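Trainee: Mind folding the following:
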Amino acid sequence: MIKATIITIGDELLIGQVIDTNSAWMAQELNKAGIPVVRRLAVGDVWDEIWSALDEESKHADIILITGGLGPTADDITKPLLCKYFGGKLIIDEGAKQNVIDIFTRLNRPMIERNLLQAEVSDVCTVIQNKRGTAPGMLFNKEGKIYVSMPGVPNEMKGMMEDDVIPSLVKQFELPVIIHRTLLTAGVGESFLADLIQNFETALPSHIKLAYLPNYGMVRLRLSTSGFDKAATEKEIDAQFGQLQSLVKEYLVTNIDELMEQVVGKLLLQKNQTMCTAESCTGGYIAHLLTSIPGSSAFYDGSVVSYSYGAKEDLLNVNHQTLLTKGAVSEEVVTEMAKGALQNIKSDYVIAVSGIMGPGGGLPEKPVGTAWVAIGNAEKIIAQKLFFRFDRARNIQLTAVTALNLLRKFILENG
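Mentor: Modelled structure (predicted):
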């Protein structure tokens with residue numbers, strides 16, 4: 001099977017100043033094309049490190065994809081290094097040069113000599129024109145291995161991958177179909193799931209792999225396989241996936257690879273209904289998750305982020321005496337928050353949350369990680385107490401996802 005490896009270049013990646021999103025996106029797209037990624041490597045802007053990485057990765061893969069280091073400044077050394085590595089010299093590519101000129105003309109910006117150096121390429125490469133920026137990509141062939149160098153700017157790299165690189169690789173190689181089937185569970189831990197499906201996992205054919213992907217109160221289970229006969233491969237994995245769904249049906253949220261907020265959004269769209277949120281401890285994070293979905297205005301009406309007592313009283317009609325006697329983190333307060341949001345926003349369903357996310361603010365009877373969630377509609381409000389033991393960020397994320405899952409169950413049972 002043809003295999004790929006990804007090398008990302010830049011000191012900023014190694015010190016954590018920039019998060020490498022390129023590799024994840026590239027791996028997904030290569031997978032769709034039938035090219036598995038076997039290794040991912042990040043290296044700094046150091047000549048010897050990049051050179052060694054090229055040597056090493058060529059031992060493990062047929063395709064080596066490289067991003068970064070193609071800029072016009074002194075720390076961008078990828079272009080001259082590749083030129084020397086493949087025994088070429090730098091020349092100006094006329095197509096790339098004209099592209100740079102056109103961009104600066106269109107933007108009405110002055111252009112200096114350094115900008116024109118973006119059009120330099122190796123004379124032994126196949127040039128990949130950059131339709132979204134100035135630095136062209138370069139494709140090399142050495143001893144049967146394909147090397148592709150692209151800009152580190154995500155938008156520019158994606159354009160080259162979609163328009164040129166992947167179509168070229170698909171034409172050049174006979175590739176299998178790689179198939180994944182993913183389901184999402186909630187309310188159950190990874191270890192419990194492993195025990196639950198132990199016999200199933202043991203009986204899986206060797207060419208079908210099972211992966212556990214835990215994240216914030218949820219666990220995704222993924223089956224993966226590959227083959228050259230698409231119909232037969234899909235039939236086999238779908239049969240196994242059906243068994244897996246049956247085994248975890250008590251905890252199953254969805255049988256496709258999607259997020260909890262997407263599941264809730266689809267459910268509301270199917271019912272032609274809407275929801276709103278009243279958030280305290282999550283500070284609008286649930287609203288953020290929901291509005292990250294394109295078209296969410298069709299099912300999401302809005303949020304009241306009421307952090308203080310005054311905001312809860314003024315914006316959500318929470319009773320002052322309830323706050324004084326029960327405290328903001330209580331069943332009574334989240335219930336009143338939920339009712340107030342429904343009255344003011346007039347949605348079909350609501351989520352209200354209030355809690356102590358940490359690191360400070362905990363009390364003996366309400367330690368850090370305590371949260372109350374209320375979900376419901378105009379006829380019925382249900383409140384539930386939660387407790388999480390992690391840091392502030394993770395407690396917020398867990399509260400949000402758990403609240404969304406509680407609403408999902410409520411809609412299914414009461415909608």
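
Trainee: got the buried residues for stretch 96-103?
Mentor: Ala96, Lys97, Asn99, Val100, Ile103 (16 or more other Cβ atoms under 10 Å). Yep, even glycine has a C-beta here, placed from its N, CA and C like the rest.

Trainee: Show the pLDDT at the closest residue to Arg408 other than its chain neighbours.
Mentor: Using Cβ to Cβ, 6 or more residues apart in numbering and skipping residues adjacent in sequence, the residue nearest Arg408 is Val264, 5.2 Å away. pLDDT, Val264: 98.

Trainee: Next up, the contacts around Val264.
Mentor: Val264 sits next to Met275, Leu290, Leu404, Leu407, Arg408, Ile411 when contact means Cβ atoms under 8 Å, 6 or more residues apart in numbering.

Trainee: Could you list which of those belong to strands?
Mentor: Those of the contacts of Val264 mapping onto strands are Met275, per DSSP state E.

Trainee: what would the contacts of Val264 look like in JSON lines with neighbour count and pLDDT?
Mentor: JSON lines is the format used below for those (neighbours: other Cβ atoms under 10 Å; pLDDT from 0 to 100):
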{"residue": "Met275", "neighbour count": "28", "pLDDT": "98"}
{"residue": "Leu290", "neighbour count": "25", "pLDDT": "98"}
{"residue": "Leu404", "neighbour count": "27", "pLDDT": "97"}
{"residue": "Leu407", "neighbour count": "25", "pLDDT": "98"}
{"residue": "Arg408", "neighbour count": "21", "pLDDT": "97"}
{"residue": "Ile411", "neighbour count": "20", "pLDDT": "97"}
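
Trainee: Could you report the separation of Leu316 from Asn377?
Mentor: Note on Leu316: its distance to Asn377, by Cβ to Cβ, to the nearest Å, is 16 Å.

Trainee: thinking again about what came up before, just name the closest of the contacts of Val264 to Thr254, please.
Mentor: Arg408 (9.4 Å; Cβ to Cβ).

Trainee: does the closest one really touch Met260, like I thought?
Mentor: Yes - Arg408 sits in contact with Met260 when judged by Cβ atoms under 8 Å, with a separation of 7.3 Å.

Trainee: Identify the contacts common to the two.
Mentor: Val253.

Trainee: coming back round to it: same drill for Leu316 and Asn377, tell me which one is more crowded.
Mentor: Comparing Leu316 with Asn377 by other Cβ atoms under 10 Å, the one with more neighbours is Leu316, at 23 against 19.

Trainee: nearest spatial neighbour of that one, skipping sequence neighbours?
Mentor: With Cβ to Cβ, 6+ apart, the residue lying closest to Leu316 is Gly340, at 3.3 Å.

Trainee: Measure how buried that neighbour is and give me the count.
Mentor: 23.

Trainee: before we move on, what about Gly69?
Mentor: 26.

Trainee: can you check Leu323 too?
Mentor: Leu323 - counted by other Cβ under 10 Å - has 19 other residues nearby.

Trainee: just Ala135 next, same as before
Mentor: Neighbours around Ala135, by other Cβ under 10 Å: 27.

Trainee: Helix or strand: which one has it?
Mentor: Of the helices and strands defined by DSSP states H and E, none includes Ala135.

Trainee: Ok, Glu12 next?
Mentor: Per DSSP H and E: helix 11-14 holds Glu12.

Trainee: what packs against that helix?
Mentor: Using 3 or more Cβ pairs under 8 Å, 6 or more residues apart in numbering; DSSP states H and E, the elements in contact with helix 11-14 are strand 37-43.

Trainee: quick one: contacts for Ser347?
Mentor: Taking Cβ under 8 Å, 6+ apart, we find Ser347 in contact with Thr274, Met275, Cys276, Asp301, Ala341.

Trainee: so is it in a helix, a strand, or just coil?
Mentor: Three-state call for Ser347 (DSSP: H, G, I helix; E, B strand; the rest coil): coil.

Trainee: Next, the contact list for the closest residue to it other than its chain neighbours, please.
Mentor: Closest residue to Ser347 apart from its sequence neighbours, by Cβ to Cβ, 6+ apart: Cys276 at 4.0 Å. By Cβ under 8 Å, 6+ apart, the residues touching Cys276 are Tyr300, Asp301, Gly302, Ser303, Val304, Ala341, Leu342, Ile345, Ser347, Tyr349, Val350, Ile351.

Trainee: closest to Tyr216 among these?
Mentor: Ile351 (16.2 Å).

Trainee: rewinding a little: and the next helix or strand past the helix or strand harbouring the residue nearest to Leu316?
Mentor: Assigned by DSSP H and E, Gly340 belongs to helix 331-345. Counting by DSSP H and E, the next helix or strand C-terminal to helix 331-345 is strand 349-355.

Trainee: helices or strands up against whichever helix or strand comes after that following strand?
Mentor: Where DSSP H and E defines the elements, the next helix or strand beyond strand 349-355 is strand 370-376. Contacts defined by 3+ Cβ pairs under 8 Å, 6+ apart place strand 370-376 against helix 331-345, strand 349-355, strand 381-387, helix 392-414.

Trainee: On the pLDDT front, check the closest residue to Pro136 other than its chain neighbours for me.
Mentor: Closest residue to Pro136 apart from its sequence neighbours, by Cβ to Cβ, 6+ apart: Ala96 at 4.2 Å. Here the pLDDT value assigned to Ala96 is 92.

Trainee: show me the residues around Ala96 that make contact.
Mentor: Gln118, Ala119, Val121, Val127, Gln129, Asn130, Thr134, Pro136.

Trainee: Show me which of these are buried.
Mentor: Buried among the contacts of Ala96 by 16+ other Cβ under 10 Å: Gln118, Ala119, Val121, Val127, Asn130, Thr134, Pro136.
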